[in-house]
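*Asks:* sequence and predicted model, in that order:
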Amino acid sequence: MWTVLLTTWAGLALAQDAETPPAEETAPAEETPSTEEAAPAEGETGEAPAEEAPAEEAPAPAPAKDKVDEEMQKVEKDLAAIEQAAPTEQVSLMEGGEDGKADQHLSAELGFTYTAGNAEVLNAVGTLKYSVKADKNQFTLEAGANINYARTDTDGDGTVADTADDTDGDGEDDNPFSFQSQKIYGKLRYDRFFSDKDALYVKAGGQRDVPAGVEWRFDQGLGYHRDIVKTDATSFRFEVGAEFVEEDLVEGVDDTGVATNALSPDNVYLAGRLFFGVTHAFNDIVSISDDLEMIENLVSLQDPSASTPDDFRLYNTLTLSVKVTDILGLKVSDQLAFDNRPAAPDFSKVDNTVSLLLVATLL
């Protein structure tokens, strides 16, 4: 807009200058010899009076092109001053990478343990994480499993080793591996940022945790995310939201002999969610993080009168990560899961899982 105004002003000024002709300088009038002066006497010879030099012509006005150049130089100077005074446009961190492309991250974590002898057990732990962020939108996908395979102890003596009288080689050590316990989960999440630190999110997830008495649990939720501290070395995050939860628990019998968890699903309720997360990098190699999440059962949708606010779950994951190369790293994690009202009285309220994982950063 400034460019248009200044260009129009310069054009009007030049047009006005062109319409007004420059004033011409008048040459001095020639003096007329006075009639009172006597003519030269007869016989007298005299030199004829010298002719006066012609008057010098007035200098021609400067060409219009020179004035145009001068005005254009003024306009360019004014434009440069305006551009220098204008605020510089800030590029948001949510626009993707430096080349304008979306930021993508893909990592895989894997760990194994194997035990042989009196017991023969194979335990596998794995996690896959993917996220992509473009402009103000971020999608996150996470899936993981903790699976325990073991040979079946058919006679219940606590061992699957060959006995002395097992001469045919057809003992428990030949039994096939089977699932002894398993924990599988998956999460999908979308964040919409409206500033570099604030976002609204929606998420959905499911899990199966047989050791904790959960046949399956599905949850869908929405909420608000805030980066309270966000630096190159440290970040501190906070989230608050609401969730819709459905769960089917392992059937059992209570102390009075009454069957429990006979419905399907057993619980349907609305819950509140709080989350705090902190990450700190000591240097380019070592970092530590801790995530704390609480799910509080607020209202039972099956029987509102039976709502149990004392039913809440708490998850805490503490992780130490070491970067070995640009692609490979090691991670030690400790996950504590607390359920104030477990699936049945026989189940413990606390589960603790310690893992040593090899991490491959693929993107």
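*Replies:* Done, it's in. Numbering: from 1, shown residues only.
*Asks:* for the stretch 101-250 of the chain, what are the low-confidence residue spans?
*Replies:* Where the stretch 101-250 of the chain drops to pLDDT under 70, the residues are 117-119, 152-175.
*Asks:* please enumerate the strands of it.
*Replies:* For the stretch 101-250 of the chain, applying DSSP state E, counting those that start in this stretch gives strands covering 103-115, 121-134, 137-151, 177-193, 198-209, 214-230, 234-249.
*Asks:* and of the ones you listed, who's closest to residue 66?
*Replies:* Among the strands of the stretch 101-250 of the chain, strand 121-134 comes nearest to residue 66, with 54.1 Å by CB to CB. C-betas here are computed from N, CA, C, even on glycine.
*Asks:* OK, contacts around residue 209?
*Replies:* Counting by CB atoms under 8 Å, 6 or more residues apart in numbering, residue 209 touches 183, 185, 217.
*Asks:* beta partners of residue 189?
*Replies:* residue 140, residue 203 (DSSP bridges).
*Asks:* distance of it from residue 224?
*Replies:* The gap separating residue 189 from residue 224 is 13 Å, by CB to CB, to the nearest Å.
*Asks:* more neighbours: these two, which one.
*Replies:* residue 189 (17 against 12; other CB atoms under 10 Å).
*Asks:* right, and that one touches residue 132 too?
*Replies:* No - at 11.6 Å, residue 189 does not count as touching residue 132 under the criterion of CB atoms under 8 Å.
*Asks:* can you pull the residues that touch both of the two?
*Replies:* residue 139.
*Asks:* so what's the residue count around the closest residue to residue 279 other than its chain neighbours?
*Replies:* Excluding the flanking residues, the one nearest residue 279 by CB to CB, 6 or more residues apart in numbering is residue 289, at 4.2 Å. By other CB under 10 Å, 17 other residues sit near residue 289.
*Asks:* same question, the one 3 residues further on
*Replies:* The number of residues packed near residue 292 is 15, by other CB under 10 Å.
*Asks:* tell me the secondary structure at it.
*Replies:* Under DSSP: H, G, I helix; E, B strand; the rest coil, residue 292 falls in the strand class.
*Asks:* just the pLDDT for it.
*Replies:* We have a pLDDT of 97 for residue 292.
*Asks:* kindly report the same for the one 10 residues further on.
*Replies:* Looking at residue 302, its pLDDT reads 79.
*Asks:* count the neighbours of it for me.
*Replies:* Residue 302 has 13 nearby residues by other CB under 10 Å.
*Asks:* and what of residue 79?
*Replies:* Number of residues near residue 79 (other CB under 10 Å) recorded here: 14.
*Asks:* and it, helix, strand or coil?
*Replies:* Under three-state DSSP, residue 79 comes out as helix.
*Asks:* for the record, mean pLDDT for the helix or strand encompassing residue 276?
*Replies:* Using DSSP states H and E, the element containing residue 276 is strand 267-281. Averaged over strand 267-281, pLDDT sits at 94.
*Asks:* quick thing: my sequence starts at 203, can you match it?
*Replies:* I'll keep to 203 as the first residue from here, and by that count the last item is strand 469-483.
*Asks:* nearest to residue 525, of the strands of the stretch 303-452 of the chain?
*Replies:* That would be strand 305-317 among the strands of the stretch 303-452 of the chain, by CB to CB, at 11.8 Å.
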